[in-house]
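**Student:** fold the following and give me the result.
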Amino acid sequence: MNKLMDKPKQKFTLVIPTYNEAANIEALYSLLVEVLFKNNIDFEVIIVDDNSPDQTWKIVQLIAEKDKRIRVIRRVNEKGLATAVIAGWKSARGDILGVMDGDLQQPPETLPLLLNKLNEDALNDVVIASRNIKGAITSRRSVWRRFVSWSGAFISALLLPRLIAQVSDPMSGFFIVRKSVIENKILTPWGYKILLEVLAKGTYKKISEVPYIFVERKRGGSKAGIKQYLISFIYLLRLNIQSKKAG
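**Tutor:** Numbering: from 1, shown residues only. All right, here's what the predicted structure looks like:
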């Protein structure tokens, strides 16, 4: 039996931060609704858009008018993936919170696996979709993208060894948490990495991971440039200093 059906009172809120994803958002919506509905999941999806020039927010508004499970937050004076996720979580109605990208690189079919993993053990509070455990598949990426991914994980492990030792994919942007993990926590992430903030400041008993198939985007361009990687590096340094003070 699907474990999700054993938790009828649980509601799942999925937050998707977007910027210039007009080419992908309708296809992602269709896939999400099909997967979540088929698996009998009580859900809402919150798209948090940073005032995309391609009017991603407008497309979502039209979808939301027909489907009340979909909501859109249009941020005009703020930007940043991690802070967009926080904005979405603050207005979430769900008991379980999730995040995924809006570029179709992370398959919606993985969401029921994450939720089932969370519910199979009462101690599980965080479940991460990982690209680095047995069963995961990553499509061919450029040498530069592979280097950036490897170096990000290496620097994270160097600066936050106790934190990173718990997970195989600390740079993942695809995961779910119980709402209680971040309730009453002051989250101040920078750049693109929200998972590290949750792991550093959240209250949780156990972290689990499931593998997934990561694919390169087919439409639209990557938002991850040198500036974002520099911001992420500075953010890691800040977390390192904070962890030492706390210890």
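**Student:** checking the nearest residue to residue 194 once chain neighbours are set aside next. Helix, strand or coil?
**Tutor:** The shortest distance from residue 194 to any non-neighbouring residue, by Cβ to Cβ, 6 or more residues apart in numbering, is to residue 82 (4.3 Å). All C-beta spots, glycine's among them, are computed from the backbone N, C-alpha and C. Under DSSP: H, G, I helix; E, B strand; the rest coil, residue 82 falls in the helix class.
**Student:** what about residue 82, distance to residue 15?
**Tutor:** Per Cβ to Cβ, to the nearest Å, residue 82 is found 11 Å from residue 15.
**Student:** could you do residue 52 as well?
**Tutor:** 16 Å.
**Student:** if the residue nearest to the spatial centre of the chain is in a bridge, with which residues?
**Tutor:** With distances taken as Cα atoms, centre = their mean, residue 99 lies nearest the centre of the chain, 2.9 Å away. Taking DSSP bridges as the rule, residue 99 bridges to residue 15, residue 175.
**Student:** is it true that it touches residue 17?
**Tutor:** Yes. The pair residue 99 / residue 17 is scored as a contact, 7.5 Å apart, by Cβ atoms under 8 Å.
**Student:** okay, and the common contacts of the two?
**Tutor:** Any residue near both residue 99 and residue 17 by Cβ atoms under 8 Å, 6 or more residues apart in numbering counts here, and that gives 85, 88.
**Student:** buried residues in stretch 86-106, which are they?
**Tutor:** For stretch 86-106, burial by neighbour count (16 or more other Cβ atoms under 10 Å) applies to 86-89, 92, 94, 96-106.
**Student:** hmm, I typed the wrong one, I wanted stretch 52-59.
**Tutor:** 52, 54, 56-57, 59.
**Student:** what does stretch 40-49 give?
**Tutor:** 41-49.
**Student:** show me the contact partners of that stretch.
**Tutor:** With Cβ under 8 Å, 6+ apart as the criterion, stretch 40-49 contacts 2, 4-5, 8, 10-19, 25, 29, 32, 36, 56-57, 60, 69-75, 84-85, 87-88, 91-94, 102, 111-112, 115.
**Student:** what average pLDDT does it get?
**Tutor:** Stretch 40-49 comes out with an average pLDDT of 97.
**Student:** kindly report the same for stretch 189-203.
**Tutor:** Per-residue scores along stretch 189-203 average to 84.
**Student:** i'd like the first residue to be 2 from this point on
**Tutor:** Happy to do that; since the first residue is 2 now, the last one works out to stretch 190-204.
**Student:** buried residues in that stretch?
**Tutor:** 190-203.
**Student:** residue 126: which of these is nearest?
**Tutor:** The closest of those to residue 126 turns out to be residue 203 (Cβ to Cβ; 7.8 Å).
**Student:** identify the residue spatially nearest to that closest one, adjacent ones excluded.
**Tutor:** In space, residue 203 comes closest to residue 182 once its chain neighbours are excluded; the distance is 4.2 Å by Cβ to Cβ, 6+ apart.
**Student:** neighbours around residue 13, how many?
**Tutor:** A total of 25 residues lie near residue 13 under the criterion other Cβ atoms under 10 Å.
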